[in-house]
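S.K.: what follows is a predicted structure for the sequence shown.
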Amino acid sequence: MNSLLVNATVEYVVRESPKTLIIQGTPGRTEVIPIRKMNNTELLDLSRDKLFLNLEEMKVVQEYFRRIGRDATDCEIEIIAQTWSEHCVHKTFKAKLIVDGKEKKPLFKRLKDATEEVAHPLVLSAFVDNSGVIEFFDGMAICGKVETHNSPSAIEPYGGAMTGSGGVFRDIVGTGLGAKVLASTDMFCFAPPGTPQDKIPAGCLHPHYLLRRVVAGVRDYGNRMGIPTNNGSLHFHPDFRAKPTVIVGAYGILPAATSRKSWPKAGDLVVTLGGRTGRDGIHGATFSSGEMTDRTMEVNASAVQIGNPIEEKRMFDAILAARDEGLIRTITDCGAGGFASAVGEMGSKTGARIALDRAPLKYPGLAPWEILLSESQERMVLAVDPAHRERLLEICRDYNVEATVLGEFTDDHHFTATYEGQTVMDLDMEFLHNGLPQRVMKAAWKKPVYAEPVIKETGDWNKLFAEVLSHLNVCSKEPIIRLYDHGVQGTNALPPFAGVAEDGPNNAAIMAPILGKPYGMIISHGLNPVLNVIQPYYGSLWSAAEATANAVASGANPEEMALIDNFIWPFPDEESLGALDLAVDACVDFSRATGMPFISGKDSLSSTYRGRDGKVIKIPPVLCISVFGRMPDVSRSVSADFKESNSQIVLVGHRNTDEMAGSVYYDLLGAVGNNLPKIDPGALMEVFKAVYRAIHGGKLLACHDLSEGGLAAALAEMCFGGGLGASIRITGEQKAEYFLFNETAGCFLAEIPHGANPETIFGDIPWAVIGRTVPEPLITAEQSGETLFTLNLEELKEAWQRPMKEVFRS
């Protein structure tokens, strides 16, 4: 019960009248860890619960201190564990990989090499900063970053999601010499909110509670900062009952001339500004690198940060003012690892010396290592020329932002920290950042075999359509989306909803970030955990195709977009690593075939639950592909709602309707299947270009891509938005259910005017006129000259809107 009612980081239960309301505390002393004399068992005991290093890594640390002739302080042990954590250094993605007995390039190198081969002319910064940057218009650039906050959200969903948003916003502001945050995105995966309590593993929170609190956290941070949340999605699978997937993204704008940052110079000041330092967030980086267990919530309660969006808003305004005056040499945020990572990474090529007792604290009593490692939110670190010190501090005072000089960057290549004049840390930068041994990891994926459904002739089409539309992975998410502010900042050019009642979903978000200019920034994404479980290579291609199709369906040029990857994967045993290897190969193949570069990304490889009884639950592997790009004129975009009666409805793209595995239709039949949609990214790019040309030329009235729920769901959503019905015919001898519910990504439903020639619009890519819009609120279908069904649009819409209304009713 305490886990739901008390946040132990900032609250405690009072059972009698206190003597004083003044917060008191005595700083803990710096401890010396006798690491040089420890045996293997003692090294592992030291690592367990908070360091999350393996024995080989612990022995490398031990050897370092033996070599320099002294034992380690707790500050030094903690910063090494943080710097070497999976969360911060991405050990698995940099590991030497042995796949089925053969060595392959490290995962990260494959992605980076593909981006370098593509050599996209718009890319200004890829994989070297807090976010990826591409060229925009009029000397400006746009940037994007997508992060995960799964582990914190699993134990404290409101704070975890809130500070996930705050952290990714700081990544944007910490890009180049400072960017303005334009938009927020959120992609969540949960178990169904109706999951019985006895199905929830020990130490885990119920998905109904998680869903509502995670949404509230994202809402409260973005809305209070004045940042619109314009794009997102929600996905459900029973195995997310052990740990949710919480993905948050942000996008921004900055001058192209300041999109690349330099390294600090010796003598530059280390300046921290923003929020004060507390115990919240300690061990966030290390605990996020480990498996979820029944003890995680108890052991790591303080690893979730406490957010203050108003503090962050003031800090952002001060930073942009300082940027515009040329006061910043370089900048980064205090994310995972706090001062340890921010100062340590900025000074990795020079050296740095900081005084921890100078750091402003939320309350007394923090030990030096806690100040160093705290992940308290709303803090940034700047490298500033001493000549600019007074002007920077003056700007911070003007914006009511606390700023403190912690120390300076040096030229001794050491990271040194003192507390009240005593040296509590002195580490060689080379060892800290390059001493981690490269892992050698084996990977081998074996394709699982799933049950195929028993297909029977559909007797009640109305019931089937209603079940598909009310499926949690298809139904309207409007009750959630309406909690977010979409119009703040006044840049919204294509909102989440369109149509006569403004409740028909659009495919992507488009913003016009430069006042008085037609230029647009487009944002979209795609993911499908079910397909990754079946076959991770084709499941990952599906995610990339879906992300890009969403943008193209709204009017984006596929040749002016960049990609961001987020891998949320089970703990990397041999099987899971084999699946991850295939997913990365899919990303590389997609990038090379389409010419779209990956310019930023994140991996979170701890989505495994291990119970006290030894039972292991692997959370479905998630690859979220996010897309952002530029448009010269937002007026050339198109929404997804039908516009006119008697228009032609055209199906566009390559589809094999026998590829039904992982579909919502199969799920309703109680099966998964094995024959999933197989995307050819080269052929897909030709479809994308044709659809883009059609939209840019003003030939399409509406466009919607096909995804979960297939053609049937896309058609219904276009009808809901436009307040129009549709009459379609199922072509050929194919099975009607497969025609309607196949979920091949990269296909589209397009509305073109009555009398328009689709051949002149789409050329030689696959297309077929499948029907027309009608004024009556009905969806009718015929096959082989006979009426297959006539469905009432109002009843279908009620089924589509009902599930989330029930979850989010007050």
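M.R.: All right, it came through fine.
S.K.: which residues does the closest residue to Arg802 other than its chain neighbours contact?
M.R.: Excluding the flanking residues, the one nearest Arg802 by Cβ to Cβ, 6 or more residues apart in numbering is Ser470, at 6.0 Å. Any C-beta I mention is one placed from the backbone N, CA and C, and that applies to glycine too. Counting by Cβ atoms under 8 Å, 6 or more residues apart in numbering, Ser470 touches Ala799, Trp800, Arg802, Pro803.
S.K.: can you list those in a markdown table and add secondary structure and neighbour count?
M.R.: Written out in a markdown table, the entries for these read as follows (DSSP: H, G, I helix; E, B strand; the rest coil; neighbours: other Cβ atoms under 10 Å):
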| residue | secondary structure | neighbour count |
| --- | --- | --- |
| Ala799 | helix | 21 |
| Trp800 | helix | 25 |
| Arg802 | helix | 15 |
| Pro803 | helix | 22 |
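S.K.: mind checking which helix or strand of this protein has the lowest mean pLDDT?
M.R.: Least confident helix or strand, the chain: helix 284-287 with a mean of 47, by mean pLDDT, DSSP states H and E.
S.K.: surely Glu408 is within a strand?
M.R.: Yes: counting by DSSP: H, G, I helix; E, B strand; the rest coil, Glu408 falls inside a strand.
S.K.: per-residue pLDDT of it, please?
M.R.: We have a pLDDT of 99 for Glu408.
S.K.: name whatever forms a beta bridge with it.
M.R.: Leu269, Arg353 (DSSP bridges).
S.K.: so it touches Arg353, yeah?
M.R.: Yes: because the distance of 6.2 Å satisfies Cβ atoms under 8 Å, Glu408 is recorded as touching Arg353.
S.K.: all helices of the stretch 151-300 of the chain, in order?
M.R.: Counting by DSSP state H, counting those that start in this stretch, the stretch 151-300 of the chain has helices at residues 157-173, 207-225, 284-287, 296-299.
S.K.: burial count for the closest residue to Glu560 other than its chain neighbours?
M.R.: If you skip the residues right next to it in sequence, Glu560 has Gly629 as its closest partner in space, 5.0 Å away by Cβ to Cβ, 6+ apart. Around Gly629 there are 27 other residues, counting by other Cβ atoms under 10 Å.
S.K.: assumed Gly629 was part of a strand.
M.R.: Yes: the assignment for Gly629 by three-state DSSP puts it in a strand.
S.K.: so what are the sheet partners of the helix or strand containing Ala562 and their directions?
M.R.: Taking DSSP states H and E as the criterion, Ala562 maps to strand 561-568. The partner list of strand 561-568 in its sheet, established with DSSP bridges, is strand 598-604 (parallel), strand 622-631 (antiparallel).
S.K.: residues in contact with the helix or strand just after the last one?
M.R.: I take that to be strand 622-631. Downstream of strand 622-631, the next assigned helix or strand under DSSP H and E is strand 648-652. Under the criterion Cβ under 8 Å, 6+ apart, residues 687, 690-691, 711, 715, 726, 728, 747-754, 756, 758, 762, 765-773 lie in contact with strand 648-652.
S.K.: pick out the residue closest to the middle of the protein.
M.R.: Ile247 (3.4 Å; Cα atoms, centre = their mean).
S.K.: quick one: pLDDT of it?
M.R.: Note on Ile247: pLDDT of 96.
S.K.: am I right that it is in contact with Ser184?
M.R.: No: counting by Cβ under 8 Å, no contact exists between Ile247 and Ser184, whose distance comes to 11.4 Å.
S.K.: who does the helix or strand encompassing Ala726 pair up with?
M.R.: Secondary-structure assignment from DSSP H and E places Ala726 in strand 725-730. Strands that pair with strand 725-730, judged by DSSP bridges, come out as strand 767-774 (antiparallel), strand 778-783 (parallel).
S.K.: any chance of the ones you listed in TSV, with mean neighbour count, distance to Lys456 and mean pLDDT too?
M.R.: Written out in TSV, the entries for those read as follows (neighbours: other Cβ atoms under 10 Å; distance: least, Cβ to Cβ, whole Å; pLDDT from 0 to 100):
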stretch	mean neighbour count	distance to Lys456	mean pLDDT
strand 767-774	19	25	98
strand 778-783	19	17	97
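S.K.: could you export those as CSV, including distance to Pro496?
M.R.: Putting the strands paired with strand 725-730 into CSV (distance: least, Cβ to Cβ, whole Å) gives the following:
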stretch, distance to Pro496
strand 767-774, 23
strand 778-783, 23
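S.K.: to Lys477, which of those lies closest?
M.R.: Of all these, strand 778-783 sits nearest to Lys477, with 21.5 Å by Cβ to Cβ.
S.K.: extract the C-alpha set from the closest one and format it as PDB.
M.R.: What follows is the C-alpha trace of strand 778-783 in PDB, where atoms were taken according to Å, rounded to 0.1, in the frame of the first residue of the first chain:
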ATOM      1  CA  LEU A 778     -23.400   3.400 -44.000                       C
ATOM      2  CA  ILE A 779     -20.500   1.100 -45.000                       C
ATOM      3  CA  THR A 780     -21.600  -1.400 -47.700                       C
ATOM      4  CA  ALA A 781     -19.500  -4.000 -49.400                       C
ATOM      5  CA  GLU A 782     -20.200  -6.400 -52.300                       C
ATOM      6  CA  GLN A 783     -18.300  -9.300 -53.700                       C
END
